[in-house]
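Enquirer: structure for the following, please:
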Amino acid sequence: MAKKKLNITDQIRSYLDACKYNGKQPLSESKLLEAGVTPKQIAGIELEEITLALNEGKPTDIYNGEPRYYPVFWTYEGPSGFAFQDSRCAFTHAAAGSGSRHSYHDKAVSDYSGRQFTELWKEYLS
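Expert: Next up, the predicted model:
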C-alpha cells in the first residue's frame, strides 16, 4: 500500500519542525538574546524559516506577478488583544508589517500560519 503524502501543514507545527524540514540547525534563542538580538528580531527569523517550510522550500518571488498571501491580524482591547483575522492577496506590494519574506503561495497555508503561529506573529508585528 502506498504511503499517503502528508500535507505541509501537518508537517510544520513549530519552528523546530520548519528547521528540520529545511535541513537547518535551529538557532539558540538564549544565545541570540545574549548577543543583543531582540525578541521581535528572533520572531522574524523564526517566521522566515517557518514561511520557507510552509512554502515547501520555494521562496516567494516578488517579481513574477504571482499572487501571494499574507496573514492579517486585528488588535483590540481585551485579554489577548491580538487575533488572526484572514489572509489577503497582494500582486504588486507587500502589506506593512509582513513583507514578502513572510508571504505564502496559497491562501489556506497563509491562514494556517496566522492561526498556528499567532504568538510569533504578535511578537514580530508588535
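Enquirer: residue ranges for the strands of the protein, please.
Expert: According to DSSP state E, the chain carries its strands in the segments 68-75, 82-90.
Enquirer: so which of those strands is the most packed in?
Expert: The highest mean neighbour count among the strands of the chain, using mean count of other CB atoms under 10 Å, belongs to strand 68-75: a mean of 19. For the C-beta atoms, the positions are set from N, CA and C on the backbone; glycine is no exception.
Enquirer: tell me the angle that one makes with strand 82-90.
Expert: Relative orientation of strand 68-75 and strand 82-90, computed by axes from the mean of the first three to the mean of the last three CA atoms, to 10 degrees: 150 degrees.
Enquirer: helices or strands up against strand 68-75?
Expert: If you count contacts as 3 or more CB pairs under 8 Å, 6 or more residues apart in numbering; DSSP states H and E, strand 68-75 packs onto strand 82-90, helix 107-116, helix 118-125.
Enquirer: contacts for it, please.
Expert: Residues outside strand 68-75 that contact it (CB atoms under 8 Å, 6 or more residues apart in numbering) are 60, 62, 81-91, 94-95, 98, 100, 102-107, 109-111, 113-114, 118, 121-122, 125.
Enquirer: hmm, 7 Å instead?
Expert: 60, 81-90, 95, 98, 102-107, 110, 113-114, 121, 125 (CB atoms under 7 Å, 6 or more residues apart in numbering).
Enquirer: and for stretch 14-23?
Expert: Residues outside stretch 14-23 that contact it (CB under 7 Å, 6+ apart): 11, 12, 25, 26, 46, 49, 50, 52, 53, 57.
Enquirer: mind doing that once more with 10 Å?
Expert: Outside stretch 14-23, the residues that touch it by CB atoms under 10 Å, 6 or more residues apart in numbering are 8, 10-12, 24-27, 29, 42-43, 45-54, 56-57, 116-117, 120.
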